[in-house]
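[1] Predicted model, plus sequence, below.
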Amino acid sequence: MSDNTDSLLIRQLNISRQSKSLISLTELRVKPGEVATIVGPSGSGKSTLLRWVLGEPLHDFNASGELWLGGKRMDKEPIERRQIGLMYQKGDLFPHLTVLQNLLFALPRVGKAEQRQRAEQALQAVGLQHKQTAMPDELSGGEQSRIALIRTLLAEPEAILLDEPFSALDTQLRRHIREWTFAQIKQRNIPAILVTHDAADHGQGPLVELGEPDV
């Protein structure tokens, strides 16, 4: 390992399916506060790469490689020990819970009063304190994106994965939410990986371009 023990580091990652190579990545290092961007067309393996980092089973794929986080090798660790947050394309807020309840669900096991205080402070920080009692289907696309990211960050992950979180937003809102998301990650000084089909989503961190899958 290098001296930069706070980084997220992927080494010698190879993912294949039915003897066909999908991903071959020599090294990707993401420093704290950086957002690495993985760009590629549908079927190129972007989401599969995130699943491997997260620790989800890859039943139809063969994968090998090293994953380091905070100076510790994590690719052999189960998903619950990796402490990696994930934000999906649609945010995946619980539809039957209010905004506040969604946030409380993600918070570490501390006292109820402290949980509520943290959740309310997070909402106030992004100007959504008036949405505490709203249901997810009462929120705009931009509001859902902000709440979903807040919920992911409140869980205090060591790193965060973003699976096409901006693709459902219109162009102007997409740019605004993207910049806000990158600023939140930089402020919290954690490494992040974003996968997208649109190179315009690339931030200031490393860029990896995946090609068409082997057929």
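    Arrived safely. Numbers count the residues shown, from 1 in each chain.

[2] Only C-alpha atoms from now on, for both contacts and neighbour counts.
    OK.

[3] so where's the protein shaky on pLDDT?
    Applying pLDDT under 70 to the chain picks out residues 1-5, 89-91, 213-215.

[4] Check which helices and strands the longest helix anywhere in it is in contact with.
    Of all segments of type helix in the chain, defined using DSSP state H, the longest is helix 171-188. If you count contacts as 3 or more Cα pairs under 8 Å, 6 or more residues apart in numbering; DSSP states H and E, helix 171-188 packs onto helix 141-154.

[5] Residues touching the helix it packs on, excluding its own?
    With contacts defined as Cα atoms under 8 Å, 6 or more residues apart in numbering, helix 141-154 is touched by 85-87, 90-93, 99, 102-103, 106-108, 119, 122-123, 126, 128, 136, 160, 165-166, 168-169, 173, 177, 181.

[6] residues in contact with the most centrally placed residue in the chain?
    Nearest to the mean C-alpha position of the chain, by Cα atoms, centre = their mean, lies Leu161 at 2.0 Å. Leu161 sits next to Leu50, Ile84, Gly85, Leu86, Met87, Ala192, Ile193, Leu194 when contact means Cα under 8 Å, 6+ apart.

[7] If we use 6 Å, what do you get?
    Leu86, Ala192, Ile193 (Cα atoms under 6 Å, 6 or more residues apart in numbering).

[8] wait, what's in contact with Leu97?
    No contacts exist for Leu97 under Cα under 6 Å, 6+ apart.

[9] picking up where we left off before, just the buried subset of the contacts of helix 141-154, please.
    Buried by 16 or more other Cα atoms under 10 Å: 85-87, 90-91, 93, 99, 102-103, 106-107, 119, 122-123, 128, 136, 160, 165-166, 169, 177, 181, out of the contacts of helix 141-154.

[10] Can you flag which of those residues belong to helices?
    Per DSSP H, the buried ones among the contacts of helix 141-154 map to helices at Val99, Asn102, Leu103, Ala106, Ala119, Ala122, Leu123, Ile177, Thr181.

[11] Need phi/psi at Leu69.
    phi -150, psi 120 (degrees, to the nearest 10).

[12] Would you check which pair of the ones in helices among the buried ones among the contacts of helix 141-154 lies furthest apart?
    Using Cα to Cα, those span at most 21.0 Å, a distance reached by Ala106 and Ile177.

[13] Find me whatever residue is spatially closest to Gln187, sequence neighbours aside.
    Using Cα to Cα, 6 or more residues apart in numbering and skipping residues adjacent in sequence, the residue nearest Gln187 is Gly33, 6.9 Å away.

[14] tell me which element the one you found is part of?
    For Gly33, there is no host helix or strand (DSSP states H and E).

[15] what's the answer for Lys76, then?
    Here Lys76, judged by DSSP H and E, is contained in no helix and no strand.

[16] Over to Gly205?
    Using DSSP H and E, no helix or strand contains Gly205.

[17] can you tell me how far it sits from Arg175?
    Between Gly205 and Arg175 the distance, using Cα to Cα, to the nearest Å, works out to 17 Å.

[18] what sits against Arg17?
    With Cα under 6 Å, 6+ apart, Arg17 has these contacts: Phe61.

[19] go with 7 Å
    Arg17 is in contact with Asp60, Phe61, Asn62, counting by Cα atoms under 7 Å, 6 or more residues apart in numbering.

[20] Wait, Ile190 touches Phe182, no?
    No. Using Cα atoms under 7 Å, Ile190 is not in contact with Phe182; the gap is 10.5 Å.
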